[in-house]
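>>> How does the following fold in three dimensions:
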Amino acid sequence: MTPLGRAWQRFWFEPESAINLAAARVVFSIHALWILLSRDLAGLAALPGPFWSDLAAGTRWRYLLFPGHPAIETGLQWVAAAALVSAALGVLPRSSCLISGLLLYHLAPLETAFWTPAPFERGLTISVLALVGLACSRCGDALSFRGGAARPSSWEYTWPLRLVQLFVCQIYLGAGVAKLMRAGLEWASAENLRGWLLVFNQQDQIAVFTTLGRWIADRPVLCALVAVGALGLNLVFPLALFSRRARPWLVAAAVAFHTGVLFAMNIAFLNLPQLLIFADWSALGRRLSWERGPSAAPPSAP
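Numbering: from 1, shown residues only. Model prediction:
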């Protein structure tokens, strides 16, 4: 096998813990449930016809959007919520992931399709992809009501976990590529970032935090550093897929970045909890079991 083939094999099929895959199922299910229950998506179906006048017929058929039937949409929303609860608890996890993913594919555009041509970017896009992908995997072998003996690490837990991690990484890489395509390297200039800071801090409808953003905008050197750091994080975050050592640092940098964006620009990144899928929950569980056991030290290597 060629070096490239071995790297491909390692990336997708290196043995992984069943707990880490199951944790990804729990994270995506709870996150999607939070988004779903915080919105009245079914109520949007009751909006008058003029709200939907610019929605193309192709988009309606693509997502089966037929406004004027809020009762049906309410029923579908509660079925999706029940499926997400079932998936999070590990009750028929694969079927629950599939049902909730398919229903969210239909429900999610209700939040956006009547005011933007893109039925995504509102918190459920990655969830739809991840839940359908998890439904095709053995995501219920751990953290489920089925229980049973502890499962040994296997390649069958690796490829689905890498797949959903790839979905999350694409958010960052896509944002970085879009910046370069639309504005080039000038996006990372102090002047550009200062302009965005002032725009988002002067909009009364969204400006909740204004102190930090204006403080940064008054300091050109800091603006330049933040802009370069933001673009750099977008482009290098996919390294979390390949490097176990870099993974916790990249995730911590992303959390700090989104926290800063929230307080400086009033932009909340709804997918932030999904970064938990990069944690090694199996190793954390072993460490806690060692600390609680009779001996604080882990078993010695053979």
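>>> Which parts of the stretch 1-150 of the chain are helices?
3-13, 18-37, 41-44, 57-63, 70-89, 93-107, 125-135 (DSSP state H, counting those that start in this stretch).
>>> so can I have a markdown table of these showing mean neighbour count?
The C-beta positions use only the backbone N, C-alpha and C, and glycine is treated the same way. As requested, the helices of the stretch 1-150 of the chain are exported to a markdown table (neighbours: other CB atoms under 10 Å):
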| stretch | mean neighbour count |
| --- | --- |
| helix 3-13 | 11 |
| helix 18-37 | 23 |
| helix 41-44 | 19 |
| helix 57-63 | 12 |
| helix 70-89 | 19 |
| helix 93-107 | 22 |
| helix 125-135 | 23 |
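>>> As JSON lines, these with distance to Ala252 and mean pLDDT would be great.
Shown next, in JSON lines, are the helices of the stretch 1-150 of the chain (distance: least, CB to CB, whole Å; pLDDT from 0 to 100):
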{"stretch": "helix 3-13", "distance to Ala252": "23", "mean pLDDT": "91"}
{"stretch": "helix 18-37", "distance to Ala252": "17", "mean pLDDT": "95"}
{"stretch": "helix 41-44", "distance to Ala252": "33", "mean pLDDT": "82"}
{"stretch": "helix 57-63", "distance to Ala252": "36", "mean pLDDT": "85"}
{"stretch": "helix 70-89", "distance to Ala252": "25", "mean pLDDT": "95"}
{"stretch": "helix 93-107", "distance to Ala252": "29", "mean pLDDT": "95"}
{"stretch": "helix 125-135", "distance to Ala252": "20", "mean pLDDT": "95"}
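>>> For those helices, give me CSV that also has distance to Gly195.
Output for the helices of the stretch 1-150 of the chain, formatted as CSV (distance: least, CB to CB, whole Å):
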stretch, distance to Gly195
helix 3-13, 40
helix 18-37, 31
helix 41-44, 33
helix 57-63, 33
helix 70-89, 39
helix 93-107, 36
helix 125-135, 28
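>>> Next, the angle from the lowest-mean-pLDDT helix or strand in the chain to helix 18-37.
Ranked by mean pLDDT, DSSP states H and E, the weakest helix or strand in the chain is helix 281-292, scoring a mean of 78. Angle of helix 281-292 versus helix 18-37, following axes from the mean of the first three to the mean of the last three CA atoms, to 10 degrees, is 110 degrees.
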